[in-house]
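Student: Quick one, fold the following:
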Amino acid sequence: MTEEIKTTPSEQEARVRALVEEYLEKYVGMVDDFVFRMQVSTPDVRDHVVRIGTSILCTRAGIGYPGGSFAKAVVDNDLMGAFGRADSVNLVCIRFYCSLLYNVGV
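Tutor: Just a heads-up that it's a prediction; the model follows:
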């Protein structure tokens, strides 16, 4: 009989955050978008993007609390809702979030 390993939502969220951080590093290296790369060049903005990316993936997977209106709009593929709810950082990062959803599974 195998023992089931249980993880808490906060442990799951930490694992997702690590995936988002790893994917962001790869994405910055492969994308030819000067505005995006400049946007995520500061630690505060990069942390904001990682937090939102984590919220988006966790919302899609049903981990922890559902994300806010922007995260939900991205997950629901609501383009007008996502752009309407995005702050100045997320306006530049929507392409990254879509790539994240498509390429990273949790």
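
Student: what's the biggest helix by length in the chain in contact with?
Tutor: Using DSSP state H, we find that the single longest helix of the chain is helix 9-30. With contact meaning Cβ atoms under 8 Å, 6 or more residues apart in numbering, helix 9-30 is reached by 7, 36-37, 40, 46, 49-51, 53-54, 57-58, 61, 63-64, 96, 99-100, 103-104, 106. Every C-beta, even on glycine, is put in place using the N, C-alpha and C of the backbone.

Student: how about a cut-off of 6 Å?
Tutor: The contact list for helix 9-30, computed with Cβ atoms under 6 Å, 6 or more residues apart in numbering, reads Arg37, Val50, Gly53, Thr54, Leu57, Cys58, Ile63, Gly64, Phe96, Leu100, Val104, Val106.

Student: The residue nearest in space to the middle of the chain is in what secondary structure piece?
Tutor: Central residue of the chain (Cα atoms, centre = their mean): Gly53, 1.1 Å from the mean position. Assigned by DSSP states H and E, Gly53 belongs to helix 43-61.

Student: the inter-axis angle of that helix versus helix 9-30?
Tutor: Comparing the axes of helix 43-61 and helix 9-30 via axes from the mean of the first three to the mean of the last three Cα atoms, to 10 degrees yields an angle of 120 degrees.
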